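>>> next one to model:
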Amino acid sequence: MASVLIILGSKSDAEVGRKALEVLKRFGVQTEMIVASAHRTPDRVKLMVEQSGADVFIAIAGLAAALPGAVASFTSKPVIGVPVSGKLGLDSILSIVQMPPGIPVACVGLDRGDNAALLAVSMLSIGDQKLAKALSSYRREMAEKVENDSIEVQA
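Below you'll find the model as predicted:
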């Protein structure tokens, strides 16, 4: 069964992590969420990544947001970074999107744990037809909601 490990840079990132958890649970993806800091517990980050059987990692961090890059340095599996909004906001985005050559990290919008989960589902669906069908159905539901919203607004 496909799995995703969500790593929070700190407990304060849990709300963003819960968004990812909800989406992954909806799709039946096995998920675990832990806290490990790239700066305060780098050995823990390395250990968690190296011991994990996860197929995709979601790393959620604010401020310097080094966590996604640190995770990517310990695995060749896909890593999705989620920048957490703060006083500046841009610092965490730039830390994730400006990775050096050879160590890529995907980046979603500020606080978009839900989009990180959907990207993980999309990646996992490449080898899982059941997951691919569920994702297709989800997208149809979103389209129907927009169409219904349009009808409601026009009325």
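
>>> quick one, strands of the chain?
For the chain, strands defined by DSSP state E occupy the ranges 3-8, 30-35, 56-61, 79-83, 106-107.

>>> the fourth one to strand 3-8, inter-axis angle?
Same thing as strand 79-83. Using axes from the mean of the first three to the mean of the last three C-alpha atoms, to 10 degrees, one finds that strand 79-83 and strand 3-8 are set 30 degrees apart in direction.

>>> do me a favour and average the pLDDT over strand 79-83.
Averaged across strand 79-83, pLDDT comes to 97.

>>> just checking: what are the partner strands of that strand?
strand 56-61 (parallel), strand 106-107 (parallel) (DSSP bridges).

>>> now it, how far from the centre of its chain.
Chain-centre distance of strand 79-83: 5 Å, with C-alpha atoms, centre = their mean, to the nearest Å.

>>> can you list contacts of that strand?
16, 20, 56-62, 65, 67-69, 71-72, 89, 92-93, 95-96, 104-113, 116, 119-120 (C-beta atoms under 8 Å, 6 or more residues apart in numbering). The way it works is simple: take the backbone N, C-alpha and C, and place the C-beta from them, glycine included.

>>> worst-scoring helix or strand of this protein, pLDDT-wise?
helix 90-97 (a mean of 89; mean pLDDT, DSSP states H and E).

>>> show me what that helix packs onto, helices and strands only.
strand 56-61, helix 67-73, strand 79-83, strand 106-107 (3 or more C-beta pairs under 8 Å, 6 or more residues apart in numbering; DSSP states H and E).

>>> buried only: go through the contacts of strand 79-83 for me.
Buried by 16 or more other C-beta atoms under 10 Å: 16, 20, 56-62, 65, 67-69, 71-72, 92-93, 95-96, 105-108, 110-113, 116, 119-120, out of those.

>>> before we move on, back to that, tell me what angle the least confident helix or strand of the chain forms with strand 79-83.
Going by the same axes, to 10 degrees, helix 90-97 makes 170 degrees with strand 79-83.

>>> average pLDDT across the longest helix along the chain?
Scanning the chain for the longest helix, with DSSP state H as the assignment, gives helix 129-154. Here helix 129-154 scores 96 as its mean pLDDT.

>>> any stretches of this structure with poor pLDDT?
Across the chain, residues meeting the criterion (pLDDT under 70) sit at 88-89.
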